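Peer 1: Just to be clear, the model below is a prediction. Sequence and coordinates:
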2 protein chains.
Amino acid sequence: MQKILKIRKLLKSKKIEAILIASSYNKFYLANLYSGSGYVFVTKRSQYVIVDFRYYKQVKEDTKGFTVIEQTRANKLENILNKIIHDEEIRTIGFEGDYIVYDAFSNLDTNLEAQLVPVSLEALRCLKSTEEIHLIAEAAEITDKAFSHILDYIQCGMSEKQVENELVRCIRECGGIKESFDIIVASGERGALPHGKASDKKICAGELVTIDFGVNLKHYCSDMTRTFAMGYVKDAKLVEIYEVVKRAQEEAIKQIRSGIRAGEIDAAARSIIQAEGYGEYFGHNLGHGMGIMVHEYPALCPDSSVILEAGMVVTVEPGIYIPQLGGVRIEDDILVTKEGAIPLTKSPRELIIVKG
Amino acid sequence: MQKILKIRKLLKSKKIEAILIASSYNKFYLANLYSGSGYVFVTKRSQYVIVDFRYYKQVKEDTKGFTVIEQTRANKLENILNKIIHDEEIRTIGFEGDYIVYDAFSNLDTNLEAQLVPVSLEALRCLKSTEEIHLIAEAAEITDKAFSHILDYIQCGMSEKQVENELVRCIRECGGIKESFDIIVASGERGALPHGKASDKKICAGELVTIDFGVNLKHYCSDMTRTFAMGYVKDAKLVEIYEVVKRAQEEAIKQIRSGIRAGEIDAAARSIIQAEGYGEYFGHNLGHGMGIMVHEYPALCPDSSVILEAGMVVTVEPGIYIPQLGGVRIEDDILVTKEGAIPLTKSPRELIIVKG
């Protein structure tokens, strides 16, 4: 019920009397319902889950502390909500403006007898409970295990796609539900693409390979990147940028603790990369929060004034990408505490050279 | 350019002067850009792709017949669009009301110097080209191959999840990008859940197992369901409902041809299931269109007056689900032609009994 209290606080601060929640991630967080169907509706004094027959029985069993209402052709969402609106004299209802599509908004706006107000729930899940931290740490552990397996498995001549497929197999074998996003395997020049999804390109000796992947475990995510070399490193410049990225990441991680601004962490890494003359080749944010979604609040980005708090989990992932040469990114999942950073992903950060 | 002409026809019929397309599926269909980022903008006389630096080079190479514009911090989407709005004297712009979230709509509505109008593009992709049909057929072929492999692989004592993992491995090994949706493996009583995702439940002798899965191949999907028995069938009633479902599916497929109403196809299957007394246990639509998305227009549902046309690809998937007993669903992907139905998935439809 801790989580419902967070929502009630939000109702107060946004001066609204209820909120309708439709996103699977927030429904799962609040009511243990991970599905694109169904709604959670929280008012000042009650909380409801509204689902159709497919989920009714399961929600009744799994979800404690909510009134569960079955939505049918005869008893539509708007009828159910309007009844509550009248019973509890609700005038304003918040909704997830960054989730509800226009047509769904428009339909609710026409049919509900209360005013709809877009609200942001982005910060709702940013402080993780002990249980959530354990799940993320467990996902991170599988991530480390799968990466270690890939170092043994990968060989020159394999395609990036083949490496991706083996990672997917390994993640599932280790108990992950699935990969937490489409896996990036970018070798050689393709390493210059920050989002280079695994392709049919063959991996060659002397190349760097960047692998960015994560594990979805019981709906909690991990997200890790490592860059390593096949046999040797063809171009000495790649070794140089590897060391810059590594130093930038370590410095950023060193500065993480509750109370510091997210923008300062980004700056800690970015200033090192800039000082070495690679500033223009680091075109993305330093990191992002992570939990039920692989990208959550807060962003670690330039000038962010968000204050980090103990219990946040963020990624730290500086990178340098040089067209026609290649790229390096190193990324870890970090738990923020009062004392400092606790890395949840623990794979080695020094440049690994696998035997080609 | 055939596809752009479809859009221009839509502009005319909806009395709008341009359309902004944001969904990955429609951007891929029109401009070969499969990404959550970027936009396709089609006016009466021009067509544009607007992307940031990450995609600019690739789109320049891959996308023919479009003006490619780079979106930057200085040259934002709204600036780019407002310039075109002025140059081409555009007053009304359509957008995908079933895709654009409220906040994004609201931002565009505030900043664009034209009126925004929600439009439905749901029927845009329903008639498949020869090339698209070949891709779907190829995805269906991998689906058949993977299913045949699973029949050899599955054994009593394995968990549903283990079967799912092997399917994923096999799909990727056969060249699929990935599974086209989260795989359903529902055995024994769980077969009564139409959406029973693979769980840790062990598969036992005498049970029916329903597997519903598909392959994503080059961004085109297949979607097939088969139900089979482990060693023998514990409950004779399950054999009886299997035969009813099979007969319902065959009758529906037999009636498919261009010119018939989708509702009639649904009725062909449903009336057989109802006549056998199982009407209340068939709680979903008979099928759906399929292509870049696994669920597309048109739905094969009761009372639909949509007329099937040659070139549509639809699923036909009747099912009977009996709580505390189990369920049966049989699903194939069907190409609609003037002469009748051409099944693209070709796995046997009779009840297979695998050796336990």
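Peer 2: That came in fine, so what should we check first? Numbers count the residues shown, from 1 in each chain, chains lettered A, B, ... in the order given.

Peer 1: Could you report the pLDDT at residue A:278?
Peer 2: Residue A:278 is assigned a predicted lDDT (pLDDT) of 98.

Peer 1: For residue B:259, see how far away it is.
Peer 2: 63 Å (C-beta to C-beta, to the nearest Å). Yep, even glycine has a C-beta here, placed from its N, CA and C like the rest.

Peer 1: mind checking the backbone torsions on residue A:101?
Peer 2: Backbone torsions of residue A:101, given as degrees, to the nearest 10, read phi -80, psi 160.

Peer 1: which residues does it contact?
Peer 2: Contacts here follow C-beta atoms under 8 Å, 6 or more residues apart in numbering or on different chains; on that basis residue A:101 touches B:97, B:98, B:99, B:100, B:101, B:102.

Peer 1: between residue A:278 and residue B:259, which one's more packed in?
Peer 2: More crowded of residue A:278 and residue B:259, by other C-beta atoms under 10 Å in any protein chain shown: residue A:278, with 22 against 10.

Peer 1: residues in contact with the more buried one?
Peer 2: By C-beta under 8 Å, 6+ apart, the neighbours of residue A:278 are A:241, A:244, A:320, A:322.

Peer 1: How about residue A:180?
Peer 2: Neighbours of residue A:180 in contact, by C-beta under 8 Å, 6+ apart: A:139, A:213, A:214, A:215, A:216, A:221, A:222, A:223, A:294.

Peer 1: Also residue A:144?
Peer 2: Residues counted as contacts of residue A:144 (C-beta under 8 Å, 6+ apart) are A:224, A:345, A:346, A:347.

Peer 1: do you know how far it is from residue A:351?
Peer 2: 17 Å.

Peer 1: Next: residue A:238.
Peer 2: Applying C-beta to C-beta to residue A:238 and residue A:351 gives a distance of 9 Å.

Peer 1: got the residues of the stretch 51-200 of chain A near chain B?
Peer 2: A:53-54, A:95, A:97-103, A:105-106, A:118, A:161, A:164-165, A:168-169, A:172-173, A:178, A:182, A:193-195 (C-beta under 8 Å from any C-beta of the partner chain).

Peer 1: What's the ChimeraX line that selects buried ones from these?
Peer 2: Applying 16 or more other C-beta atoms under 10 Å in any protein chain shown to those, the buried members can be selected in ChimeraX as follows:
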select /A:54,95,97,99,100,101,102,103,105,106,118,161,164,165,168,169,172,178,193,194
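
Peer 1: and the residues of the stretch 51-200 of chain A next to chain B, which of them are in strands?
Peer 2: The strands, defined by DSSP state E, take in A:95, A:118, A:178 from those.

Peer 1: closest to chain B among those residues?
Peer 2: residue A:118 (5.6 Å; C-beta to the nearest C-beta).

Peer 1: For that closest one, give me its contacts.
Peer 2: By C-beta under 8 Å, 6+ apart, residue A:118 lies in contact with A:94, A:95, A:96, A:97, B:102, B:103, B:106.

Peer 1: Check what pLDDT it gets.
Peer 2: On the pLDDT scale, residue A:118 is placed at 98.

Peer 1: which helices and strands does the lowest-mean-pLDDT helix or strand in chain A pack with?
Peer 2: Least confident helix or strand, chain A: helix A:53-62 with a mean of 84, by mean pLDDT, DSSP states H and E. Judged by 3 or more C-beta pairs under 8 Å, 6 or more residues apart in numbering or on different chains; DSSP states H and E, the packing partners of helix A:53-62 are strand A:67-70.

Peer 1: one more time with 10 Å, if that's ok
Peer 2: Applying 3 or more C-beta pairs under 10 Å, 6 or more residues apart in numbering or on different chains; DSSP states H and E, we find helix A:53-62 packed against helix A:24-31, strand A:47-51, strand A:67-70.

Peer 1: Okay, strands next: where are they in the stretch 201-350 of chain A?
Peer 2: A:208-213, A:215-217, A:220-221, A:224-230, A:287-289, A:296-300, A:313-316, A:319-322, A:326-329, A:332-336, A:341-343 (DSSP state E, counting those that start in this stretch).

Peer 1: could you give the angle of the least confident helix or strand of chain A to helix A:24-31?
Peer 2: Interaxial angle, helix A:53-62 versus helix A:24-31 (axes from the mean of the first three to the mean of the last three C-alpha atoms, to 10 degrees): 40 degrees.

Peer 1: Would you mark the buried spots in helix A:53-62?
Peer 2: Across helix A:53-62, burial judged by 16+ other C-beta under 10 Å covers A:54, A:55, A:56, A:59.

Peer 1: still on that earlier bit, among the contacts of residue A:144, which pair sits farthest apart?
Peer 2: The most widely separated members of these, counting by C-beta to C-beta, are A:224 and A:346 (9.5 Å).

Peer 1: Now the common contact residues for those two.
Peer 2: A:140, A:143, A:144, A:147, A:332, A:333 (C-beta atoms under 10 Å, 6 or more residues apart in numbering or on different chains).

Peer 1: which one among the residues you listed gets closest to chain B?
Peer 2: residue A:143 (17.2 Å).

Peer 1: what's the angle between the helix or strand encompassing that closest one and strand A:224-230?
Peer 2: Element membership of residue A:143 [criterion: DSSP states H and E] is helix A:130-153. Compare the direction of helix A:130-153 with that of strand A:224-230 by the same axes, to 10 degrees and you get 10 degrees.

Peer 1: Now helix A:130-153 - C-alpha only, PDB.
Peer 2: C-alpha atoms of helix A:130-153 as PDB (Å, rounded to 0.1, in the frame of the first residue of the first chain):
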ATOM      1  CA  THR A 130      14.600  -3.800  -1.400                       C
ATOM      2  CA  GLU A 131      12.600  -6.400  -3.200                       C
ATOM      3  CA  GLU A 132      12.900  -4.500  -6.500                       C
ATOM      4  CA  ILE A 133      16.600  -4.000  -6.100                       C
ATOM      5  CA  HIS A 134      17.000  -7.800  -5.500                       C
ATOM      6  CA  LEU A 135      15.200  -8.500  -8.700                       C
ATOM      7  CA  ILE A 136      17.300  -6.000 -10.700                       C
ATOM      8  CA  ALA A 137      20.500  -7.400  -9.200                       C
ATOM      9  CA  GLU A 138      19.400 -10.900 -10.100                       C
ATOM     10  CA  ALA A 139      18.700  -9.800 -13.700                       C
ATOM     11  CA  ALA A 140      22.200  -8.200 -13.600                       C
ATOM     12  CA  GLU A 141      23.800 -11.400 -12.400                       C
ATOM     13  CA  ILE A 142      22.300 -13.300 -15.300                       C
ATOM     14  CA  THR A 143      23.600 -10.600 -17.600                       C
ATOM     15  CA  ASP A 144      27.100 -11.100 -16.300                       C
ATOM     16  CA  LYS A 145      26.800 -14.800 -16.700                       C
ATOM     17  CA  ALA A 146      25.600 -14.500 -20.300                       C
ATOM     18  CA  PHE A 147      28.300 -12.100 -21.200                       C
ATOM     19  CA  SER A 148      31.000 -14.400 -19.700                       C
ATOM     20  CA  HIS A 149      29.500 -17.200 -21.800                       C
ATOM     21  CA  ILE A 150      29.600 -15.100 -25.000                       C
ATOM     22  CA  LEU A 151      33.300 -14.400 -24.400                       C
ATOM     23  CA  ASP A 152      33.900 -18.200 -24.600                       C
ATOM     24  CA  TYR A 153      31.500 -18.700 -27.500                       C
END
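
Peer 1: Report the central residue of chain A.
Peer 2: For chain A, residue A:294 is the residue whose C-alpha lies nearest the centre (C-alpha atoms, centre = their mean; 1.6 Å).
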